[in-house]
Structure formats: structure tokens, C-alpha cells
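**Q** Give the three-dimensional model of this entry:
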Amino acid sequence: FICESAQNLVQRQIRSPKGVTFTSRPARDGREFLASRDQWFRPVFAANGPDGALYIVDMYRKSIDHPQYVPDASRPLLDFEAGKGRGRIYRIVSQPWKRDGKMIDLGRMSASELSWTLEHPNAWWRETAQRLLVERRDRSAVTILRKIAEESQSEVGRIHALWTLDGLGGLETTQIVGGLRDRHAAARENAVRIAEARLKTSRDLLSELLRLANDPDDRVRFQVALALGETGDSRAVDALATIARRDGAESWVRAAIL
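**A** This is a model prediction of the structure:
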């Protein structure tokens, strides 16, 4: 969802993988997701909410130009503050959506409850739970997080558990290796990012990364190329050459390999 404040609209694009990056296309030709004839409608920010709704922040201003970018002669003719007391937030929901009357207060959750929230289908809940766990520095969550990282049926749950353990200083090589061997490519990719800072002190992690030079996923191989720059081990050269032969036609991968 892309806020276009100058055009008084919010555009929706459908994203799809393209090599190690992405491409996108408009969801509907000739129709925007949200548009207004009101020229003061200035959508500037979109966010996913805890209730599953999409929240759009409308700055609502007559003018969005900064006086600095308007010719001196024209500045007195414009009211740059018109609308400053009229901003609003829109909540956009799907047809079957129903309000849940329960209070949302993750701050009252225990370390155990927050840890299991990392499996929640809504990213707002997962990200908030991870932030609170790391901010609290509560080491009592480490045992549960290791269990989630190693045994959870949720791909995103395993990824969040790895990063939360990393943030709490409770991540062991066992969990990283498990992530590098995960059946889901996104989990392997994130595990490579985590392993990168530890390559100089762990030969086990380096051996696992060298193996992933032949991973079937483009983004995993790309991340491996970046990570291997952190080791002086000569075996990295052969792994980078393997990636180059397979992916060298893509500019981002060439940059990573170099």
C-alpha cells in the first residue's frame, strides 16, 4: 500500500519475487485502492493494526509544499498551515471484519505469553512481542524461545524466535544451524544473516554456509555471498565461484560476490 499524498490517493501494488529482489504491478488497472476528489486529502502513512485492519494516516492539508521550495513572490499567497488541526486516521477493514471488544495490552503479558505470541498470524502482534521481550531483557524467555526456534510449526515463529534470542544474547550455535537447515527458504535466509557475525569464531557455521552456496533459493545464495565476505577462509572463494557461475547474470549478486 503506497501513500501518494501529492495525488490524493493510496495505491495498492501486488508484489512478487524477481531474483533476489522484487517486482510489482497495480492490483487493478485504472482503479486505485483509495482515492479522493478532496485535494486536501493527504495520505502519508499506512500501517497494519493489531485488529487486522489497515490504518491510513491523512495529514489533511491544503498545501504540502515547504515554503523553502516556493518562489519568494508566491509565499505570501499561500497558507502553509491550512488544515493543520484537521488530520485524521482511517481504519479500513474487509467485509467480514468484526470489532473485537477485548483490550489489547501486550505489556501485561508474561515472558512465556509473549514468546508464544511470536507465532501469531498478525505481524503487529509478533513484532510487538519481540520488541517487548528484547526491551525487558528477561532471560526467563530463553528456554521457551529455543523450543520455538527448534520445534515450532510456524515459519515466521521460528524466524522471530531466532532474532529474539539474538537480541537477548541467548542464541546458541545449535539454533543457528537448525535455522540454516530449515525447510523454509526465508528461515534459512534469516539464519544466514545471523550467522554472518559469528563466522570468524565458528567453523561449524562456516561449513554450513559453504554448503548453502548450492541452496535452491535465490535469496539464500545471495545472502550467503554477502556473509562469506566476513571470513578469510580460503574455502569461501570456491563457494563464491559456485554462486557466480549460477547467478552471475544478476547485478545484485555480482555486487555481493565482489
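**Q** who touches stretch 169-189?
**A** Contacts to stretch 169-189, defined as C-beta atoms under 8 Å, 6 or more residues apart in numbering, come from residues 139, 142, 145-146, 149-150, 155, 158-159, 161-162, 165, 190-192, 194-195, 198, 202, 204-205, 208-209, 212, 215-217, 219-220, 223. Yep, even glycine has a C-beta here, placed from its N, CA and C like the rest.
**Q** now it, how far from the centre of its chain.
**A** Stretch 169-189 sits 18 Å away from the centroid of its parent chain (C-alpha atoms, centre = their mean, to the nearest Å).
**Q** If you count neighbours, what's buried in that stretch?
**A** For stretch 169-189, the neighbour count (16 or more other C-beta atoms under 10 Å) marks Leu171, Gln175, Ile176, Val177, Gly178, Gly179, Leu180, Asp182, Ala187, Arg188, Glu189 as buried.
**Q** so after the host helix or strand of the fifth one, what's the next helix or strand?
**A** To tie it back to what came earlier, the one meant is Gly178. Gly178 is part of helix 173-180, with elements assigned from DSSP states H and E. For helix 173-180, the following helix or strand on the C-terminal side (DSSP H and E) is helix 185-196.
**Q** so what secondary structure elements neighbour the next helix or strand after that following helix?
**A** Next helix or strand after helix 185-196 toward the C-terminus (DSSP H and E): helix 203-211. In terms of contacts (3 or more C-beta pairs under 8 Å, 6 or more residues apart in numbering; DSSP states H and E), helix 203-211 is packed against helix 173-180, helix 185-196, helix 235-247.
**Q** again, 7 Å this time
**A** Where contact means 3 or more C-beta pairs under 7 Å, 6 or more residues apart in numbering; DSSP states H and E, helix 203-211 is packed against helix 173-180, helix 185-196.
**Q** hey, where'd the strands end up in the protein?
**A** With DSSP state E as the criterion, the chain has strands at 2-4, 9-11, 13-18, 21-26, 34-35, 43-48, 54-58, 88-92.
**Q** Okay, Arg193 and Ile159: tell me how far apart.
**A** Using C-beta to C-beta, to the nearest Å, Arg193 is found at 10 Å from Ile159.
**Q** Kindly report the same for Ala227.
**A** Relative to Ile159, Ala227 is positioned 17 Å away (C-beta to C-beta).
**Q** circling back: of Arg193 and Ile159, who's got more company?
**A** Per other C-beta atoms under 10 Å, whichever of Arg193 and Ile159 has more neighbours is Ile159, with 24 against 15.
**Q** residue contacts, the spatially closest residue to Trp124 that is not a sequence neighbour?
**A** Of all residues not flanking Trp124 in the chain, Pro50 sits nearest, at 4.8 Å (C-beta to C-beta, 6 or more residues apart in numbering). Listed by C-beta atoms under 7 Å, 6 or more residues apart in numbering, the contact set of Pro50 reads Ile104, Asn122, Trp124, Trp125.
**Q** Can you flag the buried ones in these?
**A** In these, the ones that pass as buried (16+ other C-beta under 10 Å) are Trp124, Trp125.
**Q** would you turn the contacts of Pro50 into a markdown table with pLDDT?
**A** Below are the contacts of Pro50 laid out as a markdown table (pLDDT from 0 to 100):
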| residue | pLDDT |
| --- | --- |
| Ile104 | 88 |
| Asn122 | 95 |
| Trp124 | 96 |
| Trp125 | 97 |
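**Q** Identify the farthest-apart pair in the contacts of Pro50.
**A** Pairwise distances across those peak at 10.6 Å for Ile104 and Asn122 (criterion: C-beta to C-beta).
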